[in-house]
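Peer 1: Kindly return the folded structure for what I paste below:
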Amino acid sequence: MNRQRVDGMTEPVIFRETAKLHDVTSDRPMFEAFARLSAQQHQLCAGELRERGHALPGAARVLAAVAALGQVEQTVVTGNIRGAAETKLSVFGLDSHIRFPIGGYGEDDDERSELVRLAIRRASHSLNTPLAPQDVLLVGDTPADVSAAKDNQVPVLAVATGRSTVTELRQAGADLVAPDLEDPSPIIRALTGR
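Peer 2: Sure thing, here's the model as predicted:
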């Protein structure tokens with residue numbers, strides 16, 4: 001399993017494929033035990049993560065700009081387990097505008113498309129109003145993110161902040177593509193139509 005293939009995969013799939021590589025038969029309870037330990041390890045290693053990593057330039061400004069719009073709920077749809085996602089965002093001060101309970105996480109399902117559906121259901125329930133696909137904007141940085149959005153008829157803005165280039169994200173079918181997060185205006189325009 002090479003690094004390129006891992007990009008965009010959910011943690012349960014990575015766990016299962018890694019187990020296969022080592023001739024280990026895995027099951028859901030084994031993954032759930034791994035997920036609990038992984039969440040604990042992320043918390044224990046938060047200081048090291050803070051020292052070795054960094055937030056993408058502009059990420060905090062984009063989250064704040066979206067929050068300032070009002071009437072927009074921000075959450076996370078990720079192949080990571082929720083505990084890891086919460087730690088990663090909090091370590092870099094990116095958690096204050098995120099509503100984690102309405103997100104979709106690796107432990108919820110193997111398929112990224114289902115995580116998008118789950119987040120929409122959770123947000124609809126939380127807001128006590130049904131959300132249609134056009135009420136949602138998925139912001140992602142891999143072709144897998146674009147595919148998950150398209151599978152759900154959700155508009156997608158792809159940002160070339162990961163391993164995928166602007167060209168690759170356009171070819172994957174993203175509705176909009178931005179080179180980075182330094183300028184919040186593409187996301188604001190996508191949300192407001194202005």
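Peer 1: Show the pLDDT at the residue located most distally from the centre of the chain.
Peer 2: No residue in the chain sits farther from the centre than Asp23, which is 29.7 Å out by Cα atoms, centre = their mean. As predicted, Asp23 sits at a pLDDT of 92.
Peer 1: ok, now Val116?
Peer 2: The model reports Val116 with a pLDDT of 97.
Peer 1: which residues touch it?
Peer 2: 77, 104, 136, 138, 148-149, 151-152, 154 (Cβ atoms under 8 Å, 6 or more residues apart in numbering). For the C-beta atoms, the positions are set from N, CA and C on the backbone; glycine is no exception.
Peer 1: next one: stretch 149-163 to chain centre, how far?
Peer 2: Taking Cα atoms, centre = their mean, to the nearest Å, the mean C-alpha location of stretch 149-163 is offset from the chain mean by 10 Å.
Peer 1: contacting residues for the residue nearest to the spatial centre of the chain?
Peer 2: The centre of the chain sits closest to Thr78, judged by Cα atoms, centre = their mean, with a distance of 3.3 Å. Applying Cβ under 8 Å, 6+ apart to Thr78 gives the contacts 85, 103-106, 115.
Peer 1: In helices only, show me these.
Peer 2: Of these, the ones assigned to helices by DSSP state H are 85, 115.
Peer 1: Who wins on neighbours among the contacts of Thr78?
Peer 2: Within these, neighbour counts (other Cβ atoms under 10 Å) peak at Gly104, which reaches 27 neighbours.
Peer 1: Give me the local confidence score for that residue.
Peer 2: Gly104 carries a pLDDT value of 96.
Peer 1: just the one 3 residues further on next, same as before
Peer 2: Looking at Glu107, its pLDDT reads 92.
Peer 1: For the residue farthest from the centre of the chain, what is the enclosing helix or strand?
Peer 2: Using DSSP states H and E, Asp23 is not contained in any helix or strand.
Peer 1: Would you pull up how far stretch 76-91 lies from the middle of the chain?
Peer 2: Relative to the centre of its chain, stretch 76-91 is centred 8 Å away, using Cα atoms, centre = their mean.
Peer 1: Kindly report the same for stretch 35-53.
Peer 2: 18 Å.
Peer 1: And the strands in this protein, which stretches?
Peer 2: With strands called from DSSP state E, the chain shows them at 138-140, 156-159, 176-178.
Peer 1: Point out where this structure drops to low pLDDT.
Peer 2: Scanning the chain for pLDDT under 70 picks out the ranges 1-8, 194.
Peer 1: Show me where it has its helices.
Peer 2: Using DSSP H, the helices found in the chain span residues 3-6, 11-21, 28-44, 46-52, 59-69, 82-91, 112-127, 143-151, 166-171, 185-192.
Peer 1: Any buried residues in the second one, and which?
Peer 2: Along helix 11-21, the positions that meet the burial threshold by neighbour count (16 or more other Cβ atoms under 10 Å) are 11-16, 19.
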